[in-house]
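>>> have a look at this prediction, sequence included:
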Amino acid sequence: MNFLAHIYLSFGDDDVTIGNFIADSIRGNKFKHLPDAIQKGILLHRQIDTYTDTHHIPKKSSKRLHENYGHYSMVIVDIFYDHFLAKNWKRYSDIPLEVFVDRFYDLLEINYVLLPEGIKRMMPYMIADNWLVNYAKMKGIGRVLNGMNRRTQNKSKMNFAILDLEKNYTLFEEEFTAFFEELIIFSKQKYISLCEK
């Protein structure tokens, strides 16, 4: 899953949210210096990713993209799914998306000293362009896909994936909705289990 889903699946726990958000920037076990609850967020992130990568529904979404994007197809699915989460936010939270995201940006600033360098570099752009709120719009997702394509030196052609989203919009949305219900249950169980340790 992409940024918004990982933040949402931290269940309002600030330290777990930070860990869940920064986990992709942490290699191996190079997180033992961080506070215990942030470590739990990193572990939760990894369990969410493993569950997502092996689940039949995201695999089905990915297969639809594989011919054009190869091993980038699952990355694209993560971005598509964050779009559907943002677009259908009211279904999953009583807190308006803009308020939820503003609180998250505040949380990043409070914990700035703990953030990996890559996150610190990305953060000003993320906040200035309000990535997480703009995920709800096709234009916002198009921008994300363009940025990801640039990061691969235009090898991934991910910028064209917006056309695949438009073409199969209903199918991708149905798959996201079915999968996310299961992912919430899985993530909540893992969160409770990590917090009990």
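Received, thanks.

>>> show me how far the helix or strand encompassing V77 is from its chain's centre.
Element membership for V77, per DSSP states H and E: helix 73-87. In terms of Cα atoms, centre = their mean, to the nearest Å, the centre of helix 73-87 is set 8 Å apart from its chain centre.

>>> now for the very next helix or strand once past that helix, which elements pack on it?
Per DSSP H and E, helix 73-87 leads on to helix 89-92 as the next helix or strand towards the C-terminus. In this structure, helix 89-92 packs against no helix or strand, with contacts taken as 3 or more Cβ pairs under 8 Å, 6 or more residues apart in numbering; DSSP states H and E. Placement of C-beta: from N, CA and C, glycine included.

>>> point out where the chain drops to low pLDDT.
1 (pLDDT under 70).

>>> check it for its longest helix and report it.
helix 169-196 (DSSP state H).

>>> helices of this protein, start to end?
3-8, 14-22, 36-54, 56-69, 73-87, 89-92, 97-110, 117-128, 131-134, 138-151, 161-167, 169-196.

>>> which one of those lies nearest to N29?
Closest to N29 of the helices of the chain, according to Cβ to Cβ: helix 36-54, at 9.4 Å.

>>> list the contacts for the closest residue to K40 other than its chain neighbours?
In space, and not counting its chain neighbours, K40 is closest to L194: 4.5 Å by Cβ to Cβ, 6 or more residues apart in numbering. By Cβ atoms under 8 Å, 6 or more residues apart in numbering, L194 lies in contact with 16, 40, 43-44.

>>> PyMOL command for the buried members of these?
Listed next is the PyMOL selection for buried residues among the contacts of L194, using 16 or more other Cβ atoms under 10 Å:
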select buried, resi 16+40+43+44
